[in-house]
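**Student:** pasted the sequence and its predicted model underneath.
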Amino acid sequence: MPKPMFITLEGSEGVGKTSNMQYIQSLLEAKSIDYIVTREPGGTALGEALRTILLGEDFKGMADDTELLLMFAARAEHVAQVIRPALKKGQWVLCDRFTDATYAYQGGGRGLDMGRIAGLEQWVLGDLRPDLTLLLDAPVEVGRERAGKRSAPDRFEQEQVAFFERVRESYLALARQQPERIKVIDASQALPDVQKQIATFLNEIIP
Ligand code: TMP
């Protein structure tokens with residue numbers, strides 16, 4: 001059995017994650033690949049409950065460290081209950097956000113120490129890392145313009161432009177550090193052109 005792939009999709013607000021997730025699924029289905037699709041924070045009952053706490057209004061003023069630890073608590077559950085079992089069964093895993101989002105949002109956005117995040121990553125994930133990460137990148141104004149047209153902003157979407165500039169910069173820095181794994185997609189282009197870029201990278205790993 002060929003090794004099942006663990007693919008993650010990342011990007012700041014309004015870069016088109018949802019429509020591109022659907023496109024990636026259609027590519028996997030066209031090749032009859034057995035896969036699951038999941039998301040973070042979330043992907044398990046406990047993780048979705050933590051997502052409600054993290055994104056909602058009830059605990060708006062939580063400490064940055066609390067936010068970081070809740071992200072990793074959700075991730076620990078997700079990895080143990082969903083991601084590792086799926087990969088073990090030979091299923092590909094397509095995940096909407098993963099640990100790179102923690103480096104970008106809690107590290108870049110909130111300014112938490114990257115070394116601490118790396119320590120938690122090592123603890124919670126061991127040697128598990130995505131095989132391929134597609135980073136949808138667009139200037140912050142483009143993403144905010146698109147995201148602004150949607151429903152009420154969540155706890156992260158309420159952040160200021162400077163926060164999202166740091167998120168974007170951190171994502172791009174990760175991509176520079178790990179060019180083999182993280183592929184930057186120019187998401188400011190029209191959707192068909194974005195999809196073409198995605199297909200190129202996926203075809204490199206689809207058997
Ligand atoms: P979204 O996946 O629907 O875009 O929303 C999830 C939000 O949570 C998004 O604003 C990014 C944020 N987030 C973090 O801050 N850290 C993380 O580790 C993850 C997975 C998401």
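**Tutor:** In hand now; what should we look at? Since we're looking at a predicted model, the values are computed, not measured. Residues are numbered from 1 along each chain as shown.
**Student:** what residues sit buried inside stretch 74-86?
**Tutor:** Using 16 or more other Cβ atoms under 10 Å as the burial criterion, the residues of stretch 74-86 that qualify are 74, 75, 76, 77, 78, 79, 82, 83, 84, 86. C-betas here are computed from N, CA, C, even on glycine.
**Student:** what's the closest of those residues to residue 5?
**Tutor:** For the buried residues of stretch 74-86, the residue nearest residue 5 by Cβ to Cβ is residue 86; the value is 11.1 Å.
**Student:** just put the buried residues of stretch 74-86 in JSON lines and tack on pLDDT and distance to residue 165.
**Tutor:** Formatted as JSON lines, the buried residues of stretch 74-86 follow (pLDDT from 0 to 100; distance: Cβ to Cβ, whole Å):
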{"residue": "74", "pLDDT": "98", "distance to residue 165": "26"}
{"residue": "75", "pLDDT": "98", "distance to residue 165": "25"}
{"residue": "76", "pLDDT": "98", "distance to residue 165": "30"}
{"residue": "77", "pLDDT": "98", "distance to residue 165": "31"}
{"residue": "78", "pLDDT": "98", "distance to residue 165": "28"}
{"residue": "79", "pLDDT": "98", "distance to residue 165": "30"}
{"residue": "82", "pLDDT": "98", "distance to residue 165": "33"}
{"residue": "83", "pLDDT": "98", "distance to residue 165": "31"}
{"residue": "84", "pLDDT": "98", "distance to residue 165": "35"}
{"residue": "86", "pLDDT": "98", "distance to residue 165": "35"}
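**Student:** can you redo these as JSON lines with distance to the ligand and secondary structure?
**Tutor:** Formatted as JSON lines, the buried residues of stretch 74-86 follow (distance: Cβ to the nearest ligand atom, whole Å; DSSP: H, G, I helix; E, B strand; the rest coil):
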{"residue": "74", "distance to the ligand": "8", "secondary structure": "helix"}
{"residue": "75", "distance to the ligand": "7", "secondary structure": "helix"}
{"residue": "76", "distance to the ligand": "12", "secondary structure": "helix"}
{"residue": "77", "distance to the ligand": "13", "secondary structure": "helix"}
{"residue": "78", "distance to the ligand": "10", "secondary structure": "helix"}
{"residue": "79", "distance to the ligand": "12", "secondary structure": "helix"}
{"residue": "82", "distance to the ligand": "14", "secondary structure": "helix"}
{"residue": "83", "distance to the ligand": "13", "secondary structure": "helix"}
{"residue": "84", "distance to the ligand": "17", "secondary structure": "helix"}
{"residue": "86", "distance to the ligand": "18", "secondary structure": "helix"}
